[in-house]
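Student: Okay, sequence plus prediction incoming.
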Amino acid sequence: MKKFAKLCTAILVLFAVLTVSALAAKVLHSGTCGGEGDGSNLTWTLDDEGTLRIDGNGRMKDYNWDGSPWYNYRSSIKSVVIGEGVTSIGGSAFYGCSSLTSVIIPSSVTSIGRSAFSGCSSLTSATIPSSVTSIGDFAFYNCSSLTSVTIPEGVTSIGPCAFYNCSSLTAVTIPLSMRYIDYEAFCRCSSLISVTISEGMWKIGSDAFRYCSSLTSVTIPESVTSIGQGAFSNCSSLTSVTIP
């Protein structure tokens, strides 16, 4: 009976191990994506559940729009997990990942590169950590499902067209650290209802909020000294503007 009990226990343990193994995500593709030395400072894996993981220490490499090592698998990427230790999100890193719905950005990241999430049309929200100081040109360009974004205190610059055509975005708060909103930064954000611009801003770039057709009111703080050409052009619902 004791031998039989031990045998049953062994079978159960083996079954549990096999079950866990069967349920575990299988890595389909992998490689390096670092921006330092030979690039081995960062590694990446893509599993059969559509999770792209990036781990290591230091900068990510900047890519052209079709140059990331996972570009050919972009349609299967559903989530991105960036490990603590990664200090930048490279240019065009996730360009055209149209199935991407969520991204985890750690507090070690200080910059988001040009076109990093451009064309991620299924991305619904992005929480940018307070460690980030700059958001590059076209960073979230055409992220048409993006409904909310938190721009943390510490960000000093938002590049041109950073949130261009984020047509589901409804509200934006610009932090005290921000000094300048570049041209077309929020152009064609047609669902944007409210914009809170904090004291400290000194310039609103040309066409910054052009075609924000749902925008109803804007309060511009005392610190602003310049509003660019076409900054609020075609804001057809705008009924009041307070200019200091």
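Tutor: Alright, I've got the coordinates. Numbering: from 1, shown residues only.
Student: Hmm, Met178 and Glu199 touching each other?
Tutor: No. Using CB atoms under 8 Å, Glu199 is not in contact with Met178; the gap is 10.3 Å. C-beta: built from backbone N, CA, C; applies to glycine.
Student: These two: who's more crowded?
Tutor: Set Glu199 next to Met178 and count neighbours by other CB atoms under 10 Å: Met178 wins out with 20 against 9.
Student: and the closest residue to Asp62 other than its chain neighbours, how many neighbours does it have?
Tutor: Spatial nearest neighbour of Asp62, chain neighbours left out: Gly91 (3.8 Å); criterion: CB to CB, 6 or more residues apart in numbering. Taking other CB under 10 Å as the criterion, the count of residues near Gly91 is 26.
Student: ok, now which ones touch Gly91?
Tutor: Asp62, Tyr63, Asn64, Gly113, Arg114, Ser115, Ala116, Gly136 (CB atoms under 8 Å, 6 or more residues apart in numbering).
Student: Any chance of the backbone angles for the third one?
Tutor: Main-chain torsions, Asn64, degrees, to the nearest 10: phi -80, psi 170.
Student: Please list all residues in contact with it.
Tutor: Asn64 neighbours (CB under 8 Å, 6+ apart): Gly91, Ser92.
Student: isn't Leu169 right up against Ser145?
Tutor: No. If you go by CB under 8 Å, Leu169 and Ser145 don't touch, sitting 9.6 Å apart.
Student: So which of those two has more stuff around it?
Tutor: Between Leu169 and Ser145, counted using other CB under 10 Å, Leu169 has the larger neighbour count: 24 against 17.
Student: Skipping adjacent residues, who's closest to that one in space?
Tutor: Cys189 (4.9 Å).
Student: I'd guessed the one you found sits against Ala171; true?
Tutor: No. Cys189 is beyond contact range of Ala171, at 10.0 Å (criterion: CB under 8 Å).
Student: Looking at those two, which is more packed in?
Tutor: Ranked by neighbour count (other CB under 10 Å), Cys189 and Ala171 place Cys189 first, with 26 against 13.
Student: which ones are touching the more buried one?
Tutor: Phe163, Asn165, Cys166, Ser167, Leu169, Val172, Phe209, Cys212.
Student: pLDDT score for the first one?
Tutor: Just to be clear, that refers to Phe163. Reported pLDDT at Phe163 in the predicted model: 96.
Student: ok, it to Asn142 distance?
Tutor: 10 Å (CB to CB, to the nearest Å).
Student: One more: the fourth one?
Tutor: Using CB to CB, one gets 9 Å for the distance from Ser167 to Asn142.
Student: The third one too?
Tutor: If you measure Cys166 against Asn142 using CB to CB, the figure is 8 Å.
Student: Which parts of the protein are helices?
Tutor: 2-23 (DSSP state H).
Student: Show me the shaky parts of this protein.
Tutor: 1-23 (pLDDT under 70).
Student: before we move on, back to that, pipe the contacts of Cys189 into JSON lines and attach distance to Ser194 per row.
Tutor: Listed next are the contacts of Cys189 as JSON lines, based on distance: CB to CB, whole Å:
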{"residue": "Phe163", "distance to Ser194": "15"}
{"residue": "Asn165", "distance to Ser194": "19"}
{"residue": "Cys166", "distance to Ser194": "14"}
{"residue": "Ser167", "distance to Ser194": "16"}
{"residue": "Leu169", "distance to Ser194": "11"}
{"residue": "Val172", "distance to Ser194": "8"}
{"residue": "Phe209", "distance to Ser194": "11"}
{"residue": "Cys212", "distance to Ser194": "10"}
